[in-house]
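J.: Compute the structure for the input listed below.
(one chain, ligands or ions: 1)
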Amino acid sequence: MKHIKLGDLDVARIGLGAMGMSHGLTGAGTDDAESIRTVHRAIDLGVTMIDTAEIYGPYTNEDLLGRALKGRRDQVVLATKFGLVSHAGAGAWTLDSSPANIRTALEGSLKRLGTDHIDLYYQHRVDPNTPIEEVVGTLAELVTEGKIRHIGLSEAGPDTIRRAHAVHPITAVQSEYSLWTRGIEDRILPVLREFGIGLVPFSPLGHGFLTGTVRNENDFEEGDFRRGNPRFTGENFRRNLALADEVQAIAADVGATPAQVAIAWLLAQGDDIAPIPGTKRVTRVEENTAADRLQLPADVLTRLSSLPPAAGDTHTEAGLRMLER
Ligand SMILES: NC(=O)c1ccc[n+]([C@@H]2O[C@H](COP(=O)([O-])OP(=O)(O)OC[C@H]3O[C@@H](n4cnc5c(N)ncnc54)[C@H](OP(=O)(O)O)[C@@H]3O)[C@@H](O)[C@H]2O)c1
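T.: Numbers count the residues shown, from 1 in each chain. Below you'll find the model as predicted:
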């Protein structure tokens, strides 16, 4: 697979998102053996960057990866995230990037992942109670201590990115970016390019929607965050089906699958972009990584870039409040 640079970090340009193996999507946690086979198959196919977070479970996704990576740790660029679990008592889904909390979170992640260092350690969401200079200062100390190799931010706004990068080089920003979520193009992407920071688009398949396999809003199990998500419910869901149909039609025209087209479109946006499609199935990791070989013609890229915007926001009100835009 083609490799690119995120900052000065070398990665294969298609990574693997591990979240859905354990958390947040229908079927999570139902077949750990297949999830582990998927991780192994991804590595065999040339994937290097594997993405998880402390909050996924919480903890169970890192536990799973720790098992999957036994004996293969050195073959991957291991990325995880802190800042959505407060170890001071408030627990999960509490923003806490205080220095003490970062250190506690990291020790837990290292233990669960069975490693002595994290290759790319992200702040999962900006914490309004801890200045970003203090956050990155703590992370820079952890780089010096050898416990993390690179620093990332997730869903941070332009001002935060600038301030963070002034303290210590930021290697990558991970934000939602896909055919139906283009919000970062105007204000975030130019800042990343100004500083040579890489972009890791999360949910590149629109949480599965862009693949055309999500057809019924009643199919989401309890615990699947798409239940109640504005894009996946009611009239918005019905309207968005037309968008998925359009991706499907374009994919048929180029002889690829919709998932491959969605990934290839992202790859065509620049050599500083490494999406992390999520799957817990071997067949799908094979399908998704094959997008590396799909070169979309200019007219197809234009058709894809001209798709109508999605109906509905990416998050609920509570989720939106945690994003910097
Ligand atoms: N930084 C953040 O705040 C943040 C937020 C969300 C996600 N993430 C990261 O981004 C990664 C990916 O995001 P995501 O899982 O939300 O969304 P995604 O990658 O856009 O889509 C994943 C969904 O698509 C399905 N899928 C995958 N390949 C497919 C294919 N070829 N055909 C049909 N369906 C397919 C998966 O089902 P199966 O698993 O059953 O194949 C899963 O339900 C996560 O694993 C996580 O690491 C980060």
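J.: burial measure for the one residue in the chain that gets nearest to the ligand, as a count.
T.: Closest residue of the chain to the ligand, CB to the nearest ligand atom: Gly17 (2.3 Å). The C-beta positions use only the backbone N, C-alpha and C, and glycine is treated the same way. Per other CB atoms under 10 Å, the neighbour tally for Gly17 reads 27.
J.: what do you get for the one 10 residues further on?
T.: A count of nearby residues for Gly27, using other CB under 10 Å, gives 14.
J.: does it sit in a helix, a strand or a coil?
T.: coil (DSSP: H, G, I helix; E, B strand; the rest coil).
J.: Check the contact between it and Lys280; I expect there is one.
T.: Yes: using CB atoms under 8 Å, Gly27 is in contact with Lys280, at 6.9 Å.
J.: To what extent is the residue nearest to Thr60 when sequence neighbours are not counted buried, counted in neighbours?
T.: Counting by CB to CB, 6 or more residues apart in numbering, Ser22 is the residue found nearest to Thr60 once chain neighbours are left out, at 4.5 Å. Ser22 is flanked by 24 other residues according to other CB under 10 Å.
J.: next one: Ile102
T.: Count around Ile102 with other CB under 10 Å applied: 25.
J.: what's it in contact with, if anything?
T.: Applying CB atoms under 8 Å, 6 or more residues apart in numbering, we find Ile102 in contact with 82-83, 135, 138-139, 142.
J.: let's go with 10 Å and repeat that
T.: By CB atoms under 10 Å, 6 or more residues apart in numbering, the residues touching Ile102 are 82-83, 87, 96, 121, 123, 127, 130, 134-135, 138-139, 141-142, 148.
J.: now do Arg215
T.: 209, 237, 241, 244.
J.: Could you export those as CSV, including neighbour count and distance to Gly183?
T.: Below are these laid out as CSV (neighbours: other CB atoms under 10 Å; distance: CB to CB, whole Å):
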residue, neighbour count, distance to Gly183
Phe209, 26, 16
Phe237, 20, 20
Leu241, 17, 21
Ala244, 22, 19
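J.: closest to Leu189 among those?
T.: If you rank the contacts of Arg215 by distance to Leu189 using CB to CB, Phe209 comes first, at 22.4 Å.
J.: so which strand or helix has the nearest residue to the closest one once chain neighbours are set aside?
T.: Excluding its sequence neighbours, the residue lying closest to Phe209 (CB to CB, 6+ apart) is Ala244, at 5.9 Å. Using DSSP states H and E, the element containing Ala244 is helix 234-254.
J.: What are the buried residues along that helix?
T.: 236-237, 240-241, 243-244, 246-248, 250-251 (16 or more other CB atoms under 10 Å).
J.: Kindly report the same for stretch 183-196.
T.: 184, 188-189, 191-192.
J.: Any chance of a markdown table for those residues, columns distance to the ligand, pLDDT and secondary structure?
T.: Formatted as a markdown table, the buried residues of stretch 183-196 follow (distance: CB to the nearest ligand atom, whole Å; pLDDT from 0 to 100; DSSP: H, G, I helix; E, B strand; the rest coil):
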| residue | distance to the ligand | pLDDT | secondary structure |
| --- | --- | --- | --- |
| Ile184 | 12 | 97 | helix |
| Ile188 | 13 | 98 | coil |
| Leu189 | 16 | 98 | helix |
| Val191 | 18 | 98 | helix |
| Leu192 | 15 | 98 | helix |
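J.: Over to the nearest residue to Gly228 once chain neighbours are set aside: give its phi and psi.
T.: Nearest in space to Gly228, with sequence neighbours left out and distances taken as CB to CB, 6+ apart, is Thr316 at 6.4 Å. Per-residue torsions, Thr316: phi -70, psi 170 (degrees, to the nearest 10).
J.: Begin at 7, not 1, for the rest of this chat.
T.: Understood, numbering begins at 7; the last thing we discussed is Thr322.
J.: Now that Thr322 has come up, it's in contact with Phe231, right?
T.: Yes: between Thr322 and Phe231 a contact is recorded at 8.6 Å, counting by CB atoms under 10 Å.
J.: which residues do these two both contact?
T.: Common neighbours of Thr322 and Phe231 (CB under 10 Å, 6+ apart) do not exist.
J.: So for the two, which sits in the more crowded spot?
T.: Taking neighbours as other CB under 10 Å, Thr322 and Phe231 compare with Phe231 leading, 15 against 12.
J.: could you give the mean pLDDT of stretch 79-99?
T.: Stretch 79-99 shows a mean pLDDT of 97.
J.: repeat for stretch 286-296
T.: 98.
J.: Over to stretch 65-76?
T.: The average pLDDT within stretch 65-76 is 98.
J.: mind listing what's buried in that stretch?
T.: Going by neighbour count (16+ other CB under 10 Å), the buried part of stretch 65-76 is 65-72, 74-75.
J.: Tell me the residues of the chain that contact the ligand?
T.: Taking CB under 6 Å from any ligand atom, the part of the chain that reaches the ligand is made up of 23-26, 31, 33, 57, 160-161, 180, 208-214, 217, 219, 265, 282-287, 290, 293-294.
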